[in-house]
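Peer 1: could you look at this predicted model? Sequence included:
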Amino acid sequence: MVGLEYLAKYPFTREASGYVAQLNINPVDLITERAYLNTRERGKARVFESLEFGLIQNKSSEHLTELLSYPFARIIVSLVNDRYLIRRYALAEAKRAYGFLINEDTNRLLEIAQRTFGLNVRLVEENLTLPFIFKMYFTDYLNLTENLRAIEWKLINRLLVKGHVLLRKREFARLISENLKRKTERELPLKLDRKLEAHYENIVQEVHRVLIERKPSMEVFLPKKAEIQSSPPCMKSLLGAVQAGENVPHQGRFAITAFLLNIGMKIDEIIQLYSAFPDFDEKKTRYQLEHICGLHGSHIKYAPPSCSTLKTFNLCLDPDELCQRIKHPLTYYKLKLSGTNG
Amino acid sequence: MDEITQKFIAKKFSEYYKTVELWTPPEFEKREFGFIPFGGGMMIRHRAFQSKIELQNYLQRTAPAHAYHSSAYYQNPSASTMNEKRWQGADLIFDLDVDHIDTPCKQVHDSWSCRCGYVGKGIKPEKCPKCGGTKFSELNWLCDECLTAIKKEALKLIYEFLLNDFGFKENDLSVNFSGARGYHIHVRSKSVRELSQVGRREIVDYIRAEGLFPEFHGLRKDKGRIVGPKLTDPGWRGKLAKVALEFLAQATIEDLKQLPEIGEKSAAKIIENKARIIKALKEGYWDALPVRSSSHFWLNLLKIGAVKLGGEIDQPVTADVKRLIRLPTTIHGKTSFRATQISINKLEGFDPLSEAVVFGKKEISVQINEAPKFRLGEEIFGPFKNEKVVLPEAAAMFLICRGVAKLNGKTNI
Ligand code: SF4
Ligand SMILES: [Zn+2]
Ligand SMILES: [Zn+2]
């Protein structure tokens, strides 16, 4: 058995949702009853803080209030029903959870991964003098890391032992939180009774107002210097996705990053460009950029992938006429720039 | 191919399909089938069959040059668009082909010609050196050396990667000679069925050692020394140590000088201290090399070793989740050989040039254009140039399917 404190910390777990379900609270009561005033305040904070800061602060509210504010926040986000908000909210809940998970004990982590997320994970029993505590079956691992951009998540850079990827505690916590993020994105908006809309109208309006202010404009900003206009269609669309703050899988991120670096964009300019990512982290981004530049360890400067590789990943989008004559996006760029494409 | 020859082949293939114990993939009714007829017609796609007998009758009736099945499982395999097909997962397939490795014998038996008339030996270039064109017609041959080289890649893939690192069971794997110049390895474990293209591509990268950064594999400075992966480490760490040791053990001064940043002098020094360096390396110390910019030196070394070990795997096949792959136990129309299933423990001793041969000893007279020397079973044939020869059926069928021979008019069929 787990206590209320635990459920409040991890309101997304099976145990927590089971507990809430058996309280049998009417969502209408949540928004109208005096008894839930604090729950409402905390729930609103979850939503607004996600939107404004991309994270949810931990305030020590009473455990039951904290726990109930979670389903309340999910109802609000569902009623607003905006993809950007859902992404921001999912990310902020994931970050909040990560803060707790990283300090959680090993068996608890394992239990959450298995029971709540159904992941094929175990403790490392091999006697390795390495800092790895957990292992995850590689198919689960590949699923979860699909959108993680750091090169350290690439399977080739992991220790793979008999089908299991070895993980440090920090990494394991990160993957659980990634799983939470994805699950939230998948589950929201919740299917709710239409009657709720009227009761929640005020709060939904309020979120809408902030949302309009906060949502980054979708206009693609193209720096002049590197002549991005001469880029092939695939790179333009990748850049567009990056700018819109969409989750781009790491192959795509690698491709666009290597491309921009190779056509002469500076690291700082690219960082500015990437700041629209929902999970933008300047320090990490900088490190990865420098990596691709060959400034760390390997000293290998990376070229963007060829057209055939891009095609494999479905990243070759809207190829145009010039594309018929080239095999590499950099060739496209050079031809276009020198005007030899006629 | 002239009409008589084509009819003859069709009859022979059809006879084969009449009696063969045809293999069919698991969950047969969820698979799409595809066929290429003789005479270079369009590929027939989006076919599905209700039973093995139905498929076998089809093969017997149409005697196609090539028969394929989808690696994917579909709800409606015969629908013509992906949307209607309803993808339900796919096996993981690795395609190893002589085309993707560089063997010295290719200089002897392979050639290509450009539309402009320029002809060259070996692997075709990216661009024609004379006119810059990129379209070539190729003449590739099958030889023992090439087939052995690609078999080695298959063994490496199976043992070092699929069974060891990925932990698949032998039962999960099905190994097939493609019927021509390579091997197909199918992984049919439930766990991989729903992997996305991106996930599959990660597996390919893992196997080809693409995007590997040694610092994620334990390479680091520690109290002024450079510590790195050890032979006893699992996964890529152990492989890295192994590759480095093997490379070093065999390296000549010339090999070392090929690496950037290693001059005449340092190469000589390395060779001189080889034994000591190898000993240190076995203990996990990678700094014993008397090279100043040791990190750069090592990483290049690793890169060379890693690609070799990664194996040549055609990327698109593995990453593509809606690909058609040759149906085992059918005949390859460019060789007349059977796409043959091999149990893993028989792979090492497998001889495609005898075990995949379908046709027999009956004598047939053929007119041969040109063919290099080749072996089938215990017998050596050729080389031939513009001549009429009487050959055992197996050899005659092989040459006809390669497109270098036709039936001699008088042959009775
Ligand atoms: S053909 Fe190459 S350059 Fe053109 S869009 Fe596709 S991947 Fe990009
Ligand atoms: Zn030419
Ligand atoms: Zn050869």
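Peer 2: Here it is on my side, so go on. Numbering: from 1, shown residues only, chains lettered A, B, ... in the order given. Ligands and ions are numbered 1, 2, ... in the order given.

Peer 1: going by C-alpha atoms from here, please, whenever you check contacts or count neighbours.
Peer 2: Fine.

Peer 1: which helices and strands does the worst-scoring helix or strand of chain A on mean pLDDT pack with?
Peer 2: For chain A, scoring each helix and strand by mean pLDDT, DSSP states H and E identifies helix A:282-293 as the least confident one, at a mean of 74. For helix A:282-293, the elements it packs on are helix A:250-262, helix A:267-274, judged by 3 or more C-alpha pairs under 8 Å, 6 or more residues apart in numbering or on different chains; DSSP states H and E.

Peer 1: mind redoing it with 7 Å?
Peer 2: When contacts are defined as 3 or more C-alpha pairs under 7 Å, 6 or more residues apart in numbering or on different chains; DSSP states H and E, helix A:282-293 sits against helix A:267-274.

Peer 1: mind listing what's buried in the least confident helix or strand of chain A?
Peer 2: For helix A:282-293, a neighbour-count test (16 or more other C-alpha atoms under 10 Å in any protein chain shown) marks A:285, A:288-293 as buried.

Peer 1: tell me the one of those nearest B:Ile185?
Peer 2: Nearest to B:Ile185 out of the buried residues of helix A:282-293 is A:Ile292 (C-alpha to C-alpha; 33.2 Å).

Peer 1: ok so, going back, quick one: the buried residues of helix A:282-293 as CSV, columns for distance to A:Ser231 too.
Peer 2: What follows is these, written out as CSV (distance: C-alpha to C-alpha, whole Å):
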residue, distance to A:Ser231
A:Thr285, 22
A:Gln288, 22
A:Leu289, 19
A:Glu290, 22
A:His291, 23
A:Ile292, 19
A:Cys293, 19
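
Peer 1: low-confidence regions, chain B specifically.
Peer 2: Low-confidence segments of chain B, defined by pLDDT under 70: B:260-261, B:288-317, B:319, B:409-413.

Peer 1: swap in 50 and give it another go.
Peer 2: Within chain B, the ranges that satisfy pLDDT under 50 run B:290-295, B:305-315, B:412-413.

Peer 1: near ligand 2, which residues of it?
Peer 2: B:114, B:116, B:128, B:131 (C-alpha under 5 Å from the ion).

Peer 1: what is the burial count for the second one?
Peer 2: By other C-alpha atoms under 10 Å in any protein chain shown, 13 other residues sit near B:Cys116.

Peer 1: got the phi/psi numbers for it?
Peer 2: B:Cys116 has phi and psi values of phi -70, psi -10 when expressed as degrees, to the nearest 10.

Peer 1: which residues touch it?
Peer 2: By C-alpha atoms under 7 Å, 6 or more residues apart in numbering or on different chains, the contact set of B:Cys116 is B:Cys131.

Peer 1: for B:Ala275, see how far away it is.
Peer 2: Taking C-alpha to C-alpha, to the nearest Å as the measure, B:Cys116 and B:Ala275 are separated by 54 Å.

Peer 1: following the least confident helix or strand of chain A, which helix or strand shows up next?
Peer 2: Following helix A:282-293 in sequence order, the next helix or strand is helix A:307-312 (DSSP states H and E).

Peer 1: hey, C-alpha coordinates of that following helix in PDB?
Peer 2: C-alpha atoms of helix A:307-312 as PDB (Å, rounded to 0.1, in the frame of the first residue of the first chain):
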ATOM      1  CA  CYS A 307      18.700  12.100 -50.100                       C
ATOM      2  CA  SER A 308      18.400   8.300 -50.000                       C
ATOM      3  CA  THR A 309      18.700   8.300 -46.200                       C
ATOM      4  CA  LEU A 310      16.300  11.200 -45.900                       C
ATOM      5  CA  LYS A 311      13.800   9.200 -48.000                       C
ATOM      6  CA  THR A 312      14.100   6.200 -45.800                       C
END
